[in-house]
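> 3D model of this:
(2 chains)
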Amino acid sequence: MAEQPTYYITTAITYPNGEPHIGHAYEYISADVMARFKRLDGYETFFLTGTDEHGQKVQQNAEAQGLTPKELVDQNAAVFKQVDDEVLNISYDRFIRTTDTDHYEASQAIWRRMVEAGDIYLDKYSGWYSVRDEAFYAESETEVREDGERYSKETNTEVHWVEEESYFFRLSAYQDKLLKFYADNPDYGGPRSRFNEVIRFVENGLNDLSISRTTFDWGVPVPKDLTESETSLDHVMYVWVDALTNYLTGVGFPNTDSESFAKFWPADLHLIGKDISRFHCIFWPAFLMSAGIELPKRVIIHGHLHNAGVKMSKSIGNVVAPSAWVDTYGLDPVRFFLLREFPYGQDGSYTHEAVVGRKNSDLANNLGNLAQRSLSMIAKNCQGAIPEPGQLTEADQAILEQASSLLETSRKAYEVQEFHKALERTWHVLGETNAYFAEAAPWKLAKGDAAEQQRMRTVLYVTAEVIRRVALLIQPVIPDSATKLLDALAVEASGDAGATNASNTGPRSFAAFGDALVPGTPIAKPQPIFPRHEEKEDA
RNA sequence: CCGGGGUUAGCUCAGUUGGUUAGAGCAGAGGACUCAUAAUCCUUUGGUCGUGGGUUCAAGUCCCACACCCCGGACCA
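Numbers count the residues shown, from 1 in each chain, chains lettered A, B, ... in the order given. Below you'll find the predicted structure:
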């Protein structure tokens, strides 16, 4: 047997300092869909997500609440994990926390490698520092406001003059190497327009990067044996060094001989938001080059979601909790909407009407009703079993051919994370199938002679077979509904709609895409799977 | 200020290397059907393709200028 292909995908790890909102859900769901697709397509897949728990902000918040930092992040991380587990049905293989003990080991190991490469040196940093942003600002980027305090103009956070000893990473030495890497790997960052912005930024020159702090201790300690010869201070790593390293920790680093590291590194895809593209497209590859570790294959940068065109913000009060949406619309409609509605990579604007439109029009009408009408006819007119088709006409073959092409179309689209295109094409075929069904009018054939009855059975078979193929392919997006659909078609159970590698093979994996429904298989009386949206009564 | 992207039907968007009557989905209108979740199918209304110039036999598609929007970045305080 040929060696099984592998796939390693990560989300950004979340800074758990607030309630999860629909933007977090967008990232988790899209990564989940990608992971499920790959599992169903036969890839041994590892899907990593988690929380980023270090930093001064956490330490200060904890003090303010009378907790230890660990107590605080235990609480907050649990909230995010719960959303993954109980609200969004996210099929991660590991929920990593940067406070996990193996992560300390990994972070110290990559640091050590970068020291050995001669890329880390001790110096002094001074400047205006914002605790909230965890960033330094030039004086010109700040201003003193009415309350006498100095603020960052861009982010409106308080800044303080900080002068501290810090370790630096020789990022400036990587400008040419990075540019060459981008040129050699034009698909490293996507979509192209966002990747171009990164490249232009690098072309404008890079400064060395401060990568340690001494003013607080909530972080991964820089190994003492590396610092004792030159300083007596205790350094902890700048959060981004340890945060990015989570991608290595997740698959076994620093144990590079481990089975999981050998299997899954380099990562196939880092899926992140546009706010952190620079960390993933510049710092991360530079760190890895320095440490002599292979670079990930691709970073896909998604956009942000806007509430009816307005940026979500707590002060405006238009932040939507994932659980609120799921309660209102149902999980699968939410998952479908997020991936179908927006070209992946661009910002998206959502409205209640838009979500309801997708739920009713695409799911309930075009797919749900097609399944219901065809399966009902099979239940009533074919002794409740998948019928035996007769000679296929050109129309039959044409619609089956369209459905067949969807596997390759979807693979190509998913390869570059153009989820919307895969779904658009799939729903186009469903539209054609509805037209095919109306044209063939099997309900009229049911009343005809033996030849017409045979023709009816053929039409019903072809329609059901199209639905089977579509149902297989949309398992990643709407796993629960697609499973019900396959159940209704009496497709032999296998796997778990892409949730684990148990979905790599079997009648419900993509390996079975080219199979066909087996005539004579009994089916149950169909029940509607995609209800139309019901508006709740005003409170 | 520099760079990138955008400005196409009521809404969201496609429009390939410039080439016949500018497309889709949703929404609207009319009709059909009754298997089905008042779903589906057919037909149809609707656009001076941001503005003004230019190149060309021919421009949504190329060039220039301008306006507005979005995204990056720089500089001055």
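
> quick one: A:Gly292 and A:Trp128, what's the gap?
Distance from A:Gly292 to A:Trp128, counting by C-beta to C-beta, to the nearest Å: 35 Å. C-beta here means a position set from N, CA and C on the backbone, and glycine is covered the same way.

> Comparing those two, which residue is more hemmed in?
Taking other C-beta atoms under 10 Å, A:Gly292 and A:Trp128 do not tie; A:Trp128 has more neighbours (20 against 11).

> ok, for the more buried one, nearest residue in space, not its chain neighbours?
A:Val159 (4.1 Å; C-beta to C-beta, 6 or more residues apart in numbering).

> what does A:Thr227 give?
Residue nearest to A:Thr227 in three dimensions, not counting chain neighbours: A:His235, with 5.9 Å by C-beta to C-beta, 6+ apart.

> doesn't A:Glu164 make contact with that neighbour?
No - using C-beta atoms under 8 Å, A:His235 is not in contact with A:Glu164; the gap is 9.7 Å.

> Find the residues that touch each one of those two.
Each of A:Arg213, A:Thr214 lies in contact with both A:His235 and A:Glu164 under the rule C-beta atoms under 8 Å, 6 or more residues apart in numbering.

> more crowded one of those two?
More neighbours surround A:His235 than the other of A:His235 and A:Glu164, with 25 against 16 (other C-beta under 10 Å).

> Model confidence score at the more buried one, please.
A:His235 is assigned a predicted lDDT (pLDDT) of 93.

> same thing with the one 5 residues further on?
What the model reports for A:Trp240 is a pLDDT of 85.

> ok now do it, which residues does it touch?
Going by C-beta under 8 Å, 6+ apart, A:Trp240 touches A:Ile211, A:Phe279, A:Phe283.

> do that again at 10 Å, thanks
When contacts are counted by C-beta atoms under 10 Å, 6 or more residues apart in numbering, A:Trp240 is found next to A:Asp52, A:His54, A:Gly55, A:Glu134, A:Leu209, A:Ile211, A:Ile276, A:Arg278, A:Phe279, A:Phe283, A:Trp284, A:Phe287.

> Can you get me a residue count around the residue in chain A that RNA strand B sits nearest to?
Proximity of chain A to RNA strand B (C-beta to the nearest atom of the strand) peaks at A:Gly368, 2.0 Å away. Neighbourhood size, A:Gly368 [other C-beta under 10 Å]: 20.

> my guess is it meets A:Asn360, correct?
Yes - between A:Gly368 and A:Asn360 there is a contact at 9.4 Å, judged by C-beta atoms under 10 Å.

> Now for those two: what residues contact both?
Here A:Gly368 and A:Asn360 have A:Phe530, A:Pro531, A:Arg532 as joint contacts, going by C-beta under 10 Å, 6+ apart.

> which of those residues come close to RNA strand B?
Subset of the shared contacts of A:Gly368 and A:Asn360 in contact with RNA strand B: A:Phe530, A:Pro531, A:Arg532, counting by C-beta under 7 Å from any atom of the strand.

> how about the residue of chain A positioned farthest from its centre, what does it touch?
Relative to the centre of chain A, the most outlying C-alpha is that of A:Asp449, 53.1 Å out, by C-alpha atoms, centre = their mean. Contacts for A:Asp449 (C-beta under 10 Å, 6+ apart) come out as A:Arg455.

> Would you mind measuring from it to A:Leu430?
Note on A:Asp449: its distance to A:Leu430, by C-beta to C-beta, is 31 Å.

> Also A:Lys81?
Counting by C-beta to C-beta, the gap from A:Lys81 to A:Leu430 is 36 Å.

> how about low-confidence regions in chain A?
Applying pLDDT under 70 to chain A flags the ranges A:1-2, A:132-143, A:145, A:152-156, A:308-318, A:536-539.

> Pop the domain breakdown of it in here.
For chain A, the structural domains run A:6-111+A:240-350, A:119-175+A:184-226, A:364-522, going by the TED database.

> what's the first-to-last distance across the first one?
If I follow you right, that is domain A:6-111+A:240-350. Start and end residues of domain A:6-111+A:240-350 are separated by 35 Å (C-alpha to C-alpha, to the nearest Å).

> same thing with the last one?
Criterion C-alpha to C-alpha; first-to-last residue distance in domain A:364-522 is 24 Å.

> what does the shortest one give?
Looking at domain A:119-175+A:184-226, the gap from its leading to its trailing residue is 13 Å under the measure C-alpha to C-alpha.

> show me what contacts A:His160?
So A:His160 contacts A:Gly127, A:Trp128, A:Tyr129, A:Ser130, A:Val131, A:Glu149, A:Arg150, A:Thr215 (C-beta under 10 Å, 6+ apart).

> mind listing what the last one touches?
So that's A:Thr215. So A:Thr215 contacts A:Gln56, A:Gln59, A:Tyr129, A:Val131, A:His160, A:Val162, A:Glu164, A:Glu165, A:Ser166, A:Leu233, A:Val236 (C-beta under 10 Å, 6+ apart).

> Save those residues as a markdown table, and put in secondary structure and distance to A:Ala511 too.
Shown next, in a markdown table, are the contacts of A:Thr215 (DSSP: H, G, I helix; E, B strand; the rest coil; distance: C-beta to C-beta, whole Å):
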| residue | secondary structure | distance to A:Ala511 |
| --- | --- | --- |
| A:Gln56 | helix | 50 |
| A:Gln59 | helix | 50 |
| A:Tyr129 | strand | 54 |
| A:Val131 | coil | 52 |
| A:His160 | strand | 59 |
| A:Val162 | strand | 57 |
| A:Glu164 | strand | 57 |
| A:Glu165 | strand | 58 |
| A:Ser166 | strand | 53 |
| A:Leu233 | coil | 58 |
| A:Val236 | strand | 48 |
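
> follow-up on the earlier one: save the domains of chain A as JSON lines, and put in distance to A:Val356 too.
As requested, these are exported to JSON lines (distance: least, C-beta to C-beta, whole Å):
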{"stretch": "domain A:6-111+A:240-350", "distance to A:Val356": "8"}
{"stretch": "domain A:119-175+A:184-226", "distance to A:Val356": "28"}
{"stretch": "domain A:364-522", "distance to A:Val356": "10"}
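
> Next secondary structure after the longest helix anywhere in chain A?
The longest helix of chain A (DSSP state H) is helix A:450-473. Scanning forward in sequence from helix A:450-473 by DSSP states H and E, the next helix or strand is helix A:479-488.

> Check the secondary structure at the nearest residue to A:Val491 once chain neighbours are set aside for me.
Nearest non-adjacent residue to A:Val491, counting by C-beta to C-beta, 6+ apart: A:Pro507, 5.7 Å away. Taken by DSSP: H, G, I helix; E, B strand; the rest coil, the conformation at A:Pro507 corresponds to coil.

> Isn't A:Pro507 up against A:Leu472?
Yes - if you go by C-beta under 10 Å, A:Pro507 and A:Leu472 touch, sitting 9.2 Å apart.

> Now list whatever residues contact both of these two.
By C-beta under 10 Å, 6+ apart, A:Pro507 and A:Leu472 have these common neighbours: A:Leu486, A:Val491, A:Asp515.

> how deep is the nearest residue to the residue of chain A closest to RNA strand B once chain neighbours are set aside tucked in, by neighbour count?
With C-beta to C-beta, 6+ apart as the criterion, A:Gly368 has its nearest non-adjacent residue at 3.2 Å, and that residue is A:Phe530. As a burial measure, A:Phe530 scores 24 neighbours (other C-beta under 10 Å).

> quick revisit: between A:Pro507 and A:Leu472, which has more neighbouring residues?
Each of A:Pro507 and A:Leu472 has its neighbours counted (other C-beta under 10 Å); A:Leu472 has more, 27 against 16.

> No further questions, thank you.
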